[in-house]
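**Student:** predicted model and sequence below, questions to follow.
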Amino acid sequence: GTLMNENIHKTLSRCGCLWLIAALVIVTGCTYEYFNVVLPEMMGKSLLTSALTAVGLYFLINTYVYILLASKTDPGYIKPKAAVDDEEMALNASHMRGQGNTECVQCKVSRPARAHHCSTCGKCVARMDHHCPWIDNCVGEGNQLFFYKFLFHTVIALMYFILSIVGSVYFAPGNAERDFSGFFSIGSIFGYLFYVASGVLILVGYLLGAQTYSILTAQTTIEQKSNETIQKISLNRGELWRNPYDHGRKKNWELVFGPGSYPFRWLLPSDIFRHFTSKHLQNKQH
């Protein structure tokens, strides 16, 4: 069972950018259907429709931006010492200080604690969470905040889309009796959109919940299983085990999103500008 699951995961991961394209197609398809099918049904209330559409577009644009940032940002690849510049050496030193460095058997680099080797990328990743086929990239120290924001904005955009469908059906001119049965039948375009969007919402919502738990408890997806095993062994011995990286929800959150980001400041899109500004400065220096 476990070996079979690993083989399936590796096969899916190796499809590479096809999954990223599929994710963008789903988002684009929902957008097209919103403007082509849902919005015309809501046009009776023009001012409200404009306001709601502007809000929806904000979350939609953020979904596109963050999926691309999560996909194209270095997740935290550990470079061989010869290829590391002074700035990165200082950064790596801060991660490695007080931590037991290990040498990767596969790529032969010295890596800090919590770094893992990704068999799909063929590189070690700092604080690696998992390899995500949907973004064709690892999720690690360098891009986890972008991946989380992609999931968050996708959930909000899907909820908005579903509520828009329900609202357009409810306020449809030909639906004076507010009857939903015909609109949400399997053969109806509204029914099709509703069920597809709801299915994707459940999937992405689960991923968002799992990432939230991981960040707040200072555990990567990889570490969760090993931590559970260690905790069970400790309990059997009558010992109390505590995650050494867990410094409380606020500090755990700020480790990923930056100082002052807890609890709501992380919602601001300032990290987008910070990301491109730092890239621009690096390019000018080189």
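**Tutor:** Now that the structure is in, tell me what you want to look at.
**Student:** hmm, Thr220 and Asn243 touching each other?
**Tutor:** No. Here Asn243 lies out of contact with Thr220, judged by C-beta atoms under 8 Å, at a distance of 11.1 Å. All C-beta spots, glycine's among them, are computed from the backbone N, C-alpha and C.
**Student:** and the two? which has more neighbours close in?
**Tutor:** In terms of neighbours (other C-beta atoms under 10 Å), Thr220 is the more surrounded of Asn243 and Thr220; the figures are 22 against 14.
**Student:** who touches that one in this structure?
**Tutor:** 114, 116, 127-130, 214 (C-beta atoms under 8 Å, 6 or more residues apart in numbering).
**Student:** go on, Gln224?
**Tutor:** Applying C-beta under 8 Å, 6+ apart, we find Gln224 in contact with Ser214.
**Student:** quick one: it and Glu103, what's the gap?
**Tutor:** Counting by C-beta to C-beta, to the nearest Å, the gap from Gln224 to Glu103 is 25 Å.
**Student:** before we move on, back to that, the contacts of Thr220: which two are farthest apart?
**Tutor:** His116 and Ser214 (14.0 Å; C-beta to C-beta).
**Student:** next, the residue lying closest to Pro269 once chain neighbours are set aside: secondary structure please.
**Tutor:** Nearest in space to Pro269, with sequence neighbours left out and distances taken as C-beta to C-beta, 6 or more residues apart in numbering, is Asn62 at 6.8 Å. Using DSSP: H, G, I helix; E, B strand; the rest coil, the structure places Asn62 in helix.
**Student:** could you check how far Asn62 is from Glu254?
**Tutor:** Here the criterion is C-beta to C-beta. By it, Asn62 lies 21 Å from Glu254.
**Student:** what of Ser261?
**Tutor:** Separation of Ser261 from Glu254 (C-beta to C-beta): 6 Å.
**Student:** what is the burial count for the closest residue in space to Asn101 that isn't next to it in sequence?
**Tutor:** The shortest distance from Asn101 to any non-neighbouring residue, by C-beta to C-beta, 6+ apart, is to Ser110 (5.1 Å). Using other C-beta under 10 Å, Ser110 has 15 other residues around it.
**Student:** now swap in the one 3 residues further on and tell me
**Tutor:** Ala113 is surrounded by 15 other residues when neighbours are defined as other C-beta under 10 Å.
**Student:** now it: phi and psi?
**Tutor:** Here is the backbone geometry of Ala113 (degrees, to the nearest 10): phi -60, psi 150.
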